[in-house]
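>>> I need the structure of the sequence given here:
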Amino acid sequence: MKLSIAVSTPDARFSALALKGSFDDTFSLAKQAGFDGVEIAIKNPADFDARHIKSKLGAHGLELYAIGTGRAFGEEGLSFSDPDIKVRLAAIERIKRQIDFGAELGAAIIIGLILGKNPVTSESEDWAVEALRECAEYAVPADVTLVLEPINRYETSFIKTVDECLRFLDMVGVKSCKILLDSFHMNIEEASMEDSIRKAGARTAHVHVADSNRWHPGAGHIDFGSFVSTLKEIGYNHCLSAEMLPHPEPAVAARNTVAHLKKIIGA
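You can find the predicted model right below:
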């Protein structure tokens, strides 16, 4: 398995991004810490040049595994389940542009908070399903994977568990949609993280890692040996991407993540 870390520009409000700064600076820090690649959290791809990012990745010898989209919800209020159709249409349009961006960079697109935090009703669920289906169908010819992330109950009212995610994906019914497993959220919501990983099985396409306190792996009580072993059991061999708080400080969090996980994955 490869190791990745989520990075973003310094204006990002989301706290669980250990490395924030220019992409040149964050890519440099990620490489120095020993990561194989990164995922980038960007609000609007129109603000960035994919060719420039690709050149920076190449200069630092890094892969790009995924693009996070939650900032569009957290900072602009765009969501698939908003009662206002204009907001829903804007959210769909934003994700389509993220898909175009991902196609240029060879990266998956993360679908998490963009689902919204509105109360789950049959109506709001239908809106979200229809929106994700439209985006997923758009992603098929671009050969871009959308990864749907269950998020804990304190941050969303939508998809919280692997069971809910599987049900939702079955409702969407498009092959470009897969599952993103996140150890921090799973530790809160799943009765057994290992059993839930097995349920997700081959539909797992991306994995976030943070410990039980959302610090770097090894700083809390999650058994990452068992977590990684179960991922291997289902045949997952992609990356483990750290999405965590910048504690005790960003560079230390990054180095500690690599040190802890490399012992487990045998790298």
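
>>> and Lys175, what is it in contact with?
Neighbouring residues of Lys175 by CB atoms under 8 Å, 6 or more residues apart in numbering: Val140. Every residue, glycine included, has its C-beta placed from N, CA and C.

>>> Wait, a strand at it?
No. Using DSSP: H, G, I helix; E, B strand; the rest coil, the secondary structure at Lys175 is coil, not a strand.

>>> Got the phi and psi for it?
Here is the backbone geometry of Lys175 (degrees, to the nearest 10): phi -70, psi -20.

>>> Could you find the closest non-adjacent residue to Thr9?
Nearest non-adjacent residue to Thr9, counting by CB to CB, 6 or more residues apart in numbering: Lys20, 6.8 Å away.

>>> For His52, see how far away the one you found is.
18 Å (CB to CB, to the nearest Å).

>>> Look at those two and report which has more neighbours.
Comparing Lys20 with His52 by other CB atoms under 10 Å, the one with more neighbours is Lys20, at 19 against 11.

>>> for the more buried one, what are its contacts?
Val7, Ser8, Thr9, Pro10, Ala12, Thr26, Pro246, Pro250.

>>> Can you show me the strands along the stretch 1-150 of the chain?
For the stretch 1-150 of the chain, the strands defined by DSSP state E, counting those that start in this stretch occupy 2-8, 19-20, 37-41, 63-68, 108-111, 146-148.

>>> Of those, which is nearest Val228?
strand 2-8 (11.2 Å; CB to CB).

>>> quick check, distance from the closest one to the centre of its chain.
10 Å (CA atoms, centre = their mean, to the nearest Å).

>>> and what of stretch 33-44?
10 Å.

>>> same question, stretch 70-83
Distance, centroid of stretch 70-83 to centroid of chain: 16 Å (CA atoms, centre = their mean).

>>> Also stretch 171-188?
That offset, for stretch 171-188, works out to 9 Å (CA atoms, centre = their mean).
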